[in-house]
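Asker: structure for the following, please:
(chains A and B)
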There are 2 protein chains.
Amino acid sequence: MLRYLGVDAGGTSTRAVLVSADGTCLGLGRAGSGNPVSSGTEHAAAQVLAASLQAVTAAGTDPASVAGAVAAMAGARVVGGPDWLNQAAHTGGLPVTFRLEADLHATFCSASPEPAGYALVAGTGAIALRVRDDEVDQVSDGIGWLLGDVGSGFWIGQQVARAGLAALDGRGPATALSRALLEQLGLDPDPADLIEGRSRSVQDAVDLLYSWRPVDLAHLAPLAFAVGVDEVADQIVSAAASALATTITAVRQPGLRGPMVFGGSVLSRQPEFAAQVRRLAGDFDDPVFTHDGLVGAASLALRRHGVPVDRQIFDRLTTTIAAARAAA
Amino acid sequence: MLRYLGVDAGGTSTRAVLVSADGTCLGLGRAGSGNPVSSGTEHAAAQVLAASLQAVTAAGTDPASVAGAVAAMAGARVVGGPDWLNQAAHTGGLPVTFRLEADLHATFCSASPEPAGYALVAGTGAIALRVRDDEVDQVSDGIGWLLGDVGSGFWIGQQVARAGLAALDGRGPATALSRALLEQLGLDPDPADLIEGRSRSVQDAVDLLYSWRPVDLAHLAPLAFAVGVDEVADQIVSAAASALATTITAVRQPGLRGPMVFGGSVLSRQPEFAAQVRRLAGDFDDPVFTHDGLVGAASLALRRHGVPVDRQIFDRLTTTIAAARAAA
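Answerer: Down below sits the predicted model:
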């Protein structure tokens, strides 16, 4: 029996799955960050290898029986090809050659076996993708928290912090986000004293927030959705929805139909928000939601090694991987 | 003759001046970063001491003849009082006790001897200040590039980068900022190829800009003013002017009149922009411009040690310090 390995190497964790040619999940594995940019190639290779060997072991089979492997990750371009990974695999007891794929392509393929379509992923960052002929054809945004990622969790969280502080600072309209922000940070929402001409609550919040990594402002995004009736919060949410609709529209190609996949925590955890983005985006199919890229990595592992993935195989990948994860 | 030492300790350089009680500049000194937060207290103390001793030596006098000293700097609160500086001064041959003042207060005092008024400083950051009874009474904004500093050089530069890239990315309206940005970065403005579904110009600009410190996006601010007729650039500049007007208005206290001081490179180098901010700010005196806080530090050194600074002494400080700097 031929076996194929799909790896979804993320910045937080790496997930691996061994599947058969008919799409049955044979074994799962899991390890730490497999992103070669944020963690370095040596660490990333070790994590991909560990997760892969765990999947092979769980399947009760031999590493030499793996016929093909795909690792999906962000930043593969930056580290220039898969040599760093394959050298580590070959010396580490996994005699297979990985092919690298964009993590977003795996996200698309986790929701659909179609060779063309669209994906919009809004988690900490935000990016839109057009897939055509089984390849990434065009992307929009995804250029990071400082320069883009408009409408992402970071973007919403930063707007929450900025608006909440501006109101306390006398520069912006009053908003329930101010109190929600201070409470989330564990700060006194009603300080009486000033520090060098500034309210202590503002100064304490600023001191605390600059001790975070900038991207961690994404942790504040849920406040925009949870604060209740508030004009300032509504404006932030509407601006984010509008920006994400613009981002997905930027990759639309007239005549190219296909599923529209929605991924990332902001879209998957806020159904009303996702519906708003979908309305504003206009002429697309209704979105299919997905959570990560493991099914897609397995699907690409099959397709990149000559095994066409039809709807039946795709459904079997989805069902058996979900069942194995639930049992783990 | 009693002599007083004023030090303007900035993040890039530290300037010191020794003055007599009638406001005559006796000697200047200069050293590296004297900011205790960004450079650490040990380094900052050494720079303040070096600049001070240089000013005393240039005046041909003895360190023991200094009757009082003020050091103006940002972040004095963070390092908790002046002990770190005074210990270094006393063991380093300068037997005087420094009093610390906010750098922005020295900026205000560089432009006016009045005990009350307002200041708006827009350089890399942006902050407004109300002075009352010779003390900082209230501030607004100045909470840094990630959370505030709206309308600052950083803020404008970030908008330039975001708008220029959004246009290239198909997410924003066409703008001359795109080409201006790529040219400023030394990148090909007309690349034919795509990298992973993205225009090479966007990818190269993104890779380059993330190698900068975030605050260095302030270097892109001049493009917003220099790009010529461009609706997107005009919107950025207008939004910045409006934000700065809001920031200074936030510290306005009805009935408290006094000069309005404008400082920082964005306001001092863009006279039309400064005029726009002044118009939008409404009920203030016309702005007085200032460049740094050295005159103000000297003025505070006199006033904090019982020497009132009237208009005549203030003018003598301004004139003689400017003449000494021109001769240096």
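Asker: next one: phi and psi at the nearest residue to A:Glu135 once chain neighbours are set aside?
Answerer: Nearest non-adjacent residue to A:Glu135, counting by CB to CB, 6 or more residues apart in numbering or on different chains: A:His105, 7.8 Å away. All C-beta spots, glycine's among them, are computed from the backbone N, C-alpha and C. Main-chain torsions, A:His105, degrees, to the nearest 10: phi -70, psi -40.
Asker: what's near enough to touch the residue most central in space within chain A?
Answerer: Central residue of chain A (CA atoms, centre = their mean): A:Gly264, 4.8 Å from the mean position. In this structure, A:Gly264 makes contact with A:121-123, A:125-126, A:152-153, judged by CB atoms under 8 Å, 6 or more residues apart in numbering or on different chains.
Asker: hmm, 10 Å instead?
Answerer: With contacts defined as CB atoms under 10 Å, 6 or more residues apart in numbering or on different chains, the neighbours of A:Gly264 are A:107, A:119-127, A:152-153, A:244, A:274, A:289-292.
Asker: if we can go back for a sec, quick check: the residue nearest to A:Glu135 touching A:Leu129?
Answerer: Yes. Using CB atoms under 10 Å, A:His105 makes contact with A:Leu129 at a distance of 7.2 Å.
Asker: please, which helix or strand holds A:Ser38?
Answerer: helix A:36-39 (DSSP states H and E).
Asker: distance check, A:His291 against chain B.
Answerer: 23 Å (CB to the nearest CB, to the nearest Å).
Asker: give me the helices and strands touching the helix holding A:Ser38, please.
Answerer: With contacts taken as 3 or more CB pairs under 10 Å, 6 or more residues apart in numbering or on different chains; DSSP states H and E, helix A:36-39 sits against helix A:41-58, strand A:66-73.
Asker: which one, of those, ends up nearest to chain B?
Answerer: strand A:66-73 (12.3 Å; CB to the nearest CB).
Asker: report the distance from that closest one to the chain centre.
Answerer: 19 Å (CA atoms, centre = their mean, to the nearest Å).
Asker: quick check: mean pLDDT of that strand?
Answerer: For strand A:66-73, the mean per-residue pLDDT is 95.
Asker: that strand - contacts with which helices or strands?
Answerer: strand A:3-9, strand A:14-20, helix A:36-39, helix A:41-58, helix A:83-91, strand A:98-102, helix A:103-111, helix A:294-303.
Asker: and the residue nearest to the centre of chain A, how far from chain B?
Answerer: When A:Gly264 is compared with chain B (using CB to the nearest CB), they lie 17 Å apart.
Asker: just A:Ser152 next, same as before
Answerer: Distance check for A:Ser152 against chain B: by CB to the nearest CB, it reads 13 Å.
Asker: for chain A, what are the low-confidence residue spans?
Answerer: Counting by pLDDT under 70, chain A contains low-confidence ranges at A:191.
Asker: where do the helices sit along it?
Answerer: With DSSP state H as the criterion, chain A has helices at A:36-39, A:41-58, A:83-91, A:103-111, A:153-168, A:176-184, A:200-209, A:221-226, A:231-249, A:265-269, A:271-281, A:294-303, A:311-327.
Asker: what about these, which gets the closest to B:Arg303?
Answerer: Closest approach to B:Arg303 among the helices of chain A (CB to CB): helix A:200-209, 26.3 Å.
Asker: only alpha carbons, please: show that closest one as PDB.
Answerer: Provided in PDB are the C-alpha atoms of helix A:200-209 (Å, rounded to 0.1, in the frame of the first residue of the first chain):
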ATOM      1  CA  ARG A 200      -2.800  57.000  35.200                       C
ATOM      2  CA  SER A 201      -5.000  54.500  33.400                       C
ATOM      3  CA  VAL A 202      -3.700  55.700  30.000                       C
ATOM      4  CA  GLN A 203      -0.100  55.600  31.200                       C
ATOM      5  CA  ASP A 204      -0.400  52.200  32.800                       C
ATOM      6  CA  ALA A 205      -2.100  50.800  29.700                       C
ATOM      7  CA  VAL A 206       0.600  52.200  27.500                       C
ATOM      8  CA  ASP A 207       3.400  50.900  29.600                       C
ATOM      9  CA  LEU A 208       1.800  47.500  29.600                       C
ATOM     10  CA  LEU A 209       0.900  47.300  25.900                       C
END
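Asker: from the stretch 201-328 of chain A, which residue is nearest to chain B?
Answerer: Taking CB to the nearest CB, chain B has its nearest neighbour within the stretch 201-328 of chain A at A:Ala250, 3.7 Å off.
Asker: give the contact list for that residue.
Answerer: Counting by CB under 10 Å, 6+ apart, A:Ala250 touches A:128, A:130, A:138-141, B:166, B:169-172.
Asker: now A:Gly170: how far from A:Ala243?
Answerer: 28 Å (CB to CB, to the nearest Å).
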